[in-house]
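**Student:** sequence plus the predicted model coming up.
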Protein chains: 2
Amino acid sequence: MSATGERRERDRAHRHQLIITAARDLAETEGWDAVTTRRLAERVEYSQPVLYSHFDGKDAIVGAVALAGFDDLATHLRHARQSAPDRPLRALCRAYLGFATERPALYQAMFILPTDLKFASTETPPPLRAAFDEFVSCFRPDNERRELFAEVLWSALHGIAVLSDSGRIPLSGQEQRLDFLVDRLADTTPPMQAPT
Amino acid sequence: MSATGERRERDRAHRHQLIITAARDLAETEGWDAVTTRRLAERVEYSQPVLYSHFDGKDAIVGAVALAGFDDLATHLRHARQSAPDRPLRALCRAYLGFATERPALYQAMFILPTDLKFASTETPPPLRAAFDEFVSCFRPDNERRELFAEVLWSALHGIAVLSDSGRIPLSGQEQRLDFLVDRLADTTPPMQAPT
DNA sequence: ACAGGATGTCTAGCGTTGCTAGAATGCGGC
DNA sequence: GCCGCATTCTAGCAACGCTAGACATCCTGT
C-alpha cells in the first residue's frame, strides 16, 4: 500500500470518529429526535451519502455511539469502585445512576434505542463485557452465583434509571432506593441461607 | 339531547375503542414500527383524518393503548397474587415477567415508547395507580417503607423484562433471577436491622 | 316536506424522514 | 499530460405524521 493510501485511510478513520462524536453531541444537546441524517451531515460538513459509506444506516450510527458509551461507562464504574475500596458496591451503584442521569441521551443509545449490538454472546464487543465485569467485580470471587447477582443488580439499576428518567417514579426517593437496593443485594454477609 | 344524537355518541365511542384495539393488534402482530397512521386508518376502514378527530396524534393513540394495558396488567397481577396466597410476592413477580414477555408490544407502549401519561402524581390515571398498588400489596401493611419496596421491586422487574426482551441479558437464567430477587426483596422476615 | 346549517368525512397535499441512483469531481499512477 | 478509478455531491424516491379545504350527510326549524 502506498503512503498516500495510508493517509487516506487515516483521514477516513478520523472522519468515522467525527461522525460518531457529532451524533453524540447533537443527541446530548438536542435529543435523539434531532439527530437526522441531514442535520448530522451538515454538522460534519459532508453530504448525506457520506454517512452511508461509513455506516449501514442510522441505527448503525446510534450503535457506534452506544459502543463508545460502554467504554465510558466501564471506566466510570471502575473509577468509582476503586475510589471507595470499602464499599465498592454502593459506589458503583451511585456511579451507574449518576451516569444515566447526567448523560441521558448516551444512556438511551446504549439501552433503549434499537441497536444491532450483540449482548451476552460470544461476539459481545469487549467494552460491553468490560462494563458488565465491573458489576461482577462487586461480588466476592468465591460467590459462585456472582454473574447472576450482577445481572439482577444491573437490571434493578437500569429499571430505576429508566423509570425515573421517564418520570414514571419520582426522583425524590432515589437515594433511599439506592440504599435499600445495596442493602439487599450485597453479598458481604456469608450465605446464611434461611430455610424458610 | 336527542335520541339520534345519543346513538351517534355511542357510535363514536365505539369507533374510539376500535381504533385503540386495532392499534394494539397491529402492534402485537407486526410491531409498533408497522403502526402508521395510514395503515391504522386502513384497518379501521376510515381515512387518516378520522384518527385525529379522536386523538391528538399518534402518541396519544399509543398512550390510550398503554392506559388500557395498565388495566390488563393490574387484573393480571391481582389474579396471580390472589391465586397464591402463601407466596403472593413470587406469584406477582412471575406474572409480571410473564406479561412482559407474552405481550411485548403492549409492554413497550406502557413503559418504553414516549407517552403523555402522568405517573406518580395527583393526576395519575386510576389504572396506573391500581397496577402499582398490586406491588404495594405484596408487602406487609406494617411495613412503613412498603411504597419504597414496591418501587424498587417494580424497577428491578422492569429492568429484567426490558433487558431480556432486547437480548441484553440471556433468557436462560430468568427463573434463577426471579428466585434471587424474590428472596432478597421479600419483607416476610421481621426487620432484624443489622447495624453493619 | 323541504331548505339551511351544522356536523362529519374524504381527497389532496405539505414538510420531513431514511436512504439511494447516477452525475460530477478530484486524485493517483503511467 | 492524460487516463482511470475512487470519492463526493446533486437530485430524487417512497413513506412518515399531520392538516386544509372540498364534499357529503344528517339534523333541525318552518
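**Tutor:** Arrived safely, thanks for sending. Predicted, not measured: the structure shown is a model, and the values here were computed from it.

**Student:** now the spatially most central residue of chain A, nearest residue through space, not along the chain?
**Tutor:** Compute the mean C-alpha point of chain A, and by Cα atoms, centre = their mean the closest residue is residue A:70, 4.0 Å away. Here the nearest residue to residue A:70 in space, its sequence neighbours aside, is residue A:127; by Cβ to Cβ, 6 or more residues apart in numbering or on different chains that works out to 3.8 Å. C-beta here means a position set from N, CA and C on the backbone, and glycine is covered the same way.

**Student:** so which strand or helix has the one you found?
**Tutor:** Using DSSP states H and E, the secondary-structure element containing residue A:127 is helix A:126-136.

**Student:** let me see the residues that make contact with the host helix or strand of residue A:176.
**Tutor:** Under the assignment given by DSSP H and E, the secondary-structure element containing residue A:176 is helix A:174-185. Counting contacts by Cβ atoms under 8 Å, 6 or more residues apart in numbering or on different chains, the residues outside helix A:174-185 that touch it are A:89-90, A:93-94, A:97, A:149, A:152-153, A:156-157, A:160, A:164, B:145, B:148-149, B:151-152, B:155-156, B:184-185.

**Student:** how far off centre is it?
**Tutor:** A distance of 21 Å separates the centroid of the chain from that of helix A:174-185, by Cα atoms, centre = their mean, to the nearest Å.

**Student:** hang on, the earlier thing: check contacts around the residue nearest to residue A:70.
**Tutor:** Counting by Cβ under 8 Å, 6+ apart, residue A:127 touches A:67, A:68, A:70, A:71, A:74.

**Student:** for residue A:136, same thing?
**Tutor:** Applying Cβ under 8 Å, 6+ apart, one finds that residue A:136 lies in contact with A:146, A:147, A:149, A:150.

**Student:** from the residues you listed, pick the one nearest chain B.
**Tutor:** Here the nearest of the contacts of residue A:136 to chain B, counting by Cβ to the nearest Cβ, is residue A:149; it sits at 7.3 Å.

**Student:** and the nearest residue to that closest one once chain neighbours are set aside, what element?
**Tutor:** Leaving aside its sequence neighbours, residue A:149 sits nearest to residue A:139 (Cβ to Cβ, 6+ apart; 5.0 Å). Taking DSSP H and E as the definition, one finds residue A:139 inside no helix or strand.

**Student:** repeat for residue A:114
**Tutor:** Applying DSSP H and E as the criterion places residue A:114 outside every helix and strand.

**Student:** burial count for it?
**Tutor:** Residues within reach of residue A:114, counting by other Cβ atoms under 10 Å in any protein chain shown, total 10.

**Student:** ok, now how distant is it from residue A:26?
**Tutor:** Remark: distance between residue A:114 and residue A:26 (Cβ to Cβ, to the nearest Å) = 18 Å.

**Student:** for DNA strand D, what's its nearest residue on chain A.
**Tutor:** Nearest to DNA strand D in chain A, going by Cβ to the nearest atom of the strand, is residue A:47, at a distance of 3.5 Å.

**Student:** what pLDDT does that residue get?
**Tutor:** Confidence at residue A:47, expressed as pLDDT, is 96.

**Student:** how about it, phi and psi?
**Tutor:** Note on residue A:47: its backbone torsions stand at phi -90, psi 160 [degrees, to the nearest 10].

**Student:** does anything pack onto the helix of greatest length in chain A? Which helices or strands?
**Tutor:** Under DSSP state H, the helix in chain A containing the largest number of residues is helix A:3-30. For helix A:3-30, the elements it packs on are helix A:37-43, helix A:48-54, helix A:58-82, helix A:104-111, judged by 3 or more Cβ pairs under 8 Å, 6 or more residues apart in numbering or on different chains; DSSP states H and E.

**Student:** export the ones you listed to a markdown table and tack on distance to DNA strand C?
**Tutor:** Converted to a markdown table, the helices and strands packed on helix A:3-30 look like this (distance: least, Cβ to the nearest atom of the strand, whole Å):
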| stretch | distance to DNA strand C |
| --- | --- |
| helix A:37-43 | 4 |
| helix A:48-54 | 4 |
| helix A:58-82 | 3 |
| helix A:104-111 | 14 |
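
**Student:** export those helices to JSON lines and tack on distance to residue B:173?
**Tutor:** Supplementary listing: these in JSON lines, determined by distance: least, Cβ to Cβ, whole Å:
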{"stretch": "helix A:37-43", "distance to residue B:173": "38"}
{"stretch": "helix A:48-54", "distance to residue B:173": "37"}
{"stretch": "helix A:58-82", "distance to residue B:173": "21"}
{"stretch": "helix A:104-111", "distance to residue B:173": "19"}
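
**Student:** would you mind finding the most buried of these?
**Tutor:** With neighbours defined as mean count of other Cβ atoms under 10 Å in any protein chain shown, the helices and strands packed on helix A:3-30 peak in mean count at helix A:104-111, which reaches a mean of 22.

**Student:** elements contacting it?
**Tutor:** Contact analysis of helix A:104-111 by 3+ Cβ pairs under 8 Å, 6+ apart lists helix A:3-30, helix A:58-82, helix A:146-165 as its packing neighbours.

**Student:** buried set for the shortest one?
**Tutor:** Residues A:146, A:148-165 are the ones in helix A:146-165 that count as buried (16 or more other Cβ atoms under 10 Å in any protein chain shown).
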